[in-house]
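[1] Could you work out the structure for the sequence below:
(chains A and B)
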Amino acid sequence: MAELSDRPYPPGEYPVIVIGSGPGGLQTASRLRHHGIRHAVLSADEAPGGMFRRWPFFQRLLSWTKPYAPVERTDRAYERYDWNSLLGEQPASQTLMPDLMDGSSYFPSRPEMQQNLELFAERAGLAIRFGCRWTGTRREETPDGPRFVLETTDGEYRAEILIVAVGVAEPNRPPTPGIELAAHYAETRPAESYANKRIFIIGKQNSGFELASGLLPWARRIVVASPSPAKLSVNTRSLVGIRARYVQPFEDHVLGGGVAVLDAAIQSMTRLPDGSIEVRARPSAGGDELAFDVDEVIAATGFTAPLVDLADLGVATFGQARLPAQTPYWESASMPGIFFAGTITQGSGGLKKHGLPANSGAVHGARYNARVLVDHLARTRFGVVPDLPAIASNDLIETMVDELASAPELWHQRAYLARIVSLDPSRGPRNEGIMPLAAFLDHNADDGSADALALTVEADGSGAIYPVIYGRRAGEITEHVVEADPLLRYDTPSVRRQVAEVVTGFGVDVAQA
Amino acid sequence: MANSDEIVDQISSFALFADLQTPQLERVAHTFEERWYSEGERVLRQGLTGSAFHVILEGEATVVIDGTERATLARGDFFGEVSILLGEPPVADIVAKRALRCLVLAGPEVQPFLIAHPSVMYRMLQAQARRLRIANRWRS
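    Presented below is the predicted three-dimensional model:
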């Protein structure tokens, strides 16, 4: 580790300040460096990795990386099978995860993920000021426009643009009477310390079921309870619900093995004279209040975004996780100039068509959000002119079909990120890059008002996953759903024909040349 | 911050949920997702598939049909159910008139929710009957 005096980014003014060194901060910093935008990266931690330096407790991730996939690792389409590598700008920083895995699972272990992120920071040449904790924020008017002043343990920083990538990692404790008797998920001890104990877990999300799964070989009795029924990801057909890996306690419950999974609201926790804890819960379906005598209560009740004093500064937040309300480009909806990256970007929900969220809460979604955000800032704030290649008319259909069939941005961020193709007759079709679908549909985008197509991949919760093309013509939006293929093959003659129909409808002569 | 207790307090006064007891309201607070829309943001889009059922917790929304403002919705009002019941895209844009906080239930979850909560279905039917009566009055 470098000497203290060698630490980069001393206090001062920077055009952009990134806070955080988890996946979101690293991805953002890498893209800023790519565009040559001067910035500083500050982190309270001692090394890169963010939450993956501590969690998940039971040592494996929920996100897979397939070392062997239907496409080569050097192909961009491979990103669809690798949920954990960050997006490098050079081959040396690309596709790092699969080489670090030992073959025992396609879910990397937590230490493997940490190594992946540390290696990315090193290979991407990222400078980060570690051990620098953000403690407060002010906004000042200056002759050059408003500036944010960050108070940190190292002194004051000033910036026009803040990109906050601090995760959603502050334990959330519900205001239930006696909650102080419960440990939070974040305080979970090594599994063996729960040997032969009666454990009550509050919360039926993945964190609750992760603990229940990990404690199955140790606990004497496990109860998992919260008011609403457990959802399973294989039923919701999304990342909403308990992931397949953590379903074991549920199977134990339904087969009468001794684990109890209950729909009940926790009323109170009381310490009994013998040192045990009495948990009282009211079944959601009605009926008598239930009482449990247990040794330990763990509140797997989620996390909130640790935004220090941003709420006092005027950053609106919502929901139990107190996520900041955001525009489609991840800017605070109430405090312009403050942007977000990483898992916090799940606060910019997008269309959530058919109720399905994008994967912004996970690395394989947030990594694209970060890149799109930095490209957007580069274009709108730093005068970086994007290199937007024209597409030859006779290549248009093939280019669109390729993108719909395999673009990782579209496949991971469904109905959320879109590939834009503009159709200005004087310039011919052009690839305008990836942008949030909501920004495209709401016309407030910065690509002008030219006729354009937005290519997306969507799902409707029935199990089908299919491309959708949105057209924008003279301000009118149309939606063209490509027929779903159960094997997800979208580079077929049928898709070419459907894409050609849409393009022809926009007056582009695809037979030309 | 809105934890489920605060949401239960808020929605207990809504006509739609007037017949539910506290444990059922708690379940509603856990089943619906909270979403936040900034001023001018479109919540539902006329003609696009995949809408959701929304109940307004805070703020106001405008109903816009073919670019014309038709109505304003406020706290306790709900929208999106017609397109879900009919399995068709919404016939109106719903636009946040100012910052808007909603409880949201995804389209595919609406039918099981209504069947599990017949009193909510009845209240929804009452609201539809009122809208129909107003529409008929205009016609006559």
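[2] isn't residue A:67 right up against residue A:103?
    Yes: with contact defined as CB atoms under 8 Å, residue A:67 and residue A:103 form a contacting pair (7.2 Å). All C-beta atoms are positioned from the backbone trio N, CA, C, and that covers glycine.
[3] Of these two, which one has the most company?
    Per other CB atoms under 10 Å in any protein chain shown, whichever of residue A:67 and residue A:103 has more neighbours is residue A:67, with 13 against 6.
[4] Kindly list the longest helix within chain B.
    Across chain B, the helix with the greatest residue count (assigned by DSSP state H) is helix B:118-139.
[5] So which elements touch that helix?
    Under the contact definition 3 or more CB pairs under 8 Å, 6 or more residues apart in numbering or on different chains; DSSP states H and E, helix B:118-139 sits against helix B:107-116.
[6] Now do the buried residues in the helix it packs on.
    Buried residues in helix B:107-116, counted by 16 or more other CB atoms under 10 Å in any protein chain shown: B:107-110, B:113-114.
[7] May I see those residues organised as TSV, with distance to chain A and pLDDT added?
    Listed next are the buried residues of helix B:107-116 as TSV, based on distance: CB to the nearest CB, whole Å; pLDDT from 0 to 100:
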residue	distance to chain A	pLDDT
B:107	6	91
B:108	5	88
B:109	6	90
B:110	9	94
B:113	11	94
B:114	15	96
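[8] Pick the one among those residues closest to residue A:6.
    Of all those, residue B:109 has the smallest distance to residue A:6: 54.5 Å, by CB to CB.
[9] Quick check: the closest residue to that closest one other than its chain neighbours vs residue A:416, distance?
    Nearest residue to residue B:109, sequence neighbours excluded (CB to CB, 6 or more residues apart in numbering or on different chains): residue A:355, at 6.4 Å. The gap separating residue A:355 from residue A:416 is 13 Å, by CB to CB, to the nearest Å.
[10] Looking at these two, which one has more neighbours?
    Ranked by neighbour count (other CB under 10 Å), residue A:355 and residue A:416 place residue A:416 first, with 30 against 22.
[11] pLDDT wise, what is the residue lying closest to that one once chain neighbours are set aside at?
    Nearest non-adjacent residue to residue A:416, counting by CB to CB, 6+ apart: residue A:358, 3.5 Å away. pLDDT recorded at residue A:358 is 96.
[12] element containing residue A:358?
    Residue A:358 belongs to no helix or strand when elements are defined using DSSP states H and E.
[13] Now it: phi and psi?
    Dihedral angles phi and psi of residue A:358 (degrees, to the nearest 10) take the values phi -70, psi 180.
[14] What is the neighbour count of the closest residue to chain A within chain B?
    The nearest approach of chain B to chain A comes at residue B:106, 1.9 Å away (CB to the nearest CB). Applying other CB under 10 Å, we find 24 residues neighbouring residue B:106.
[15] same thing with residue A:420?
    For residue A:420, using other CB under 10 Å, the count is 22.
[16] Check the burial of the closest residue to it other than its chain neighbours by counting its neighbours.
    Distances taken as CB to CB, 6+ apart place residue A:432 nearest to residue A:420, at 3.9 Å, with adjacent residues excluded. Neighbourhood size, residue A:432 [other CB under 10 Å]: 22.
[17] Name the helix or strand for residue A:432, please.
    Per DSSP H and E: strand A:430-436 holds residue A:432.
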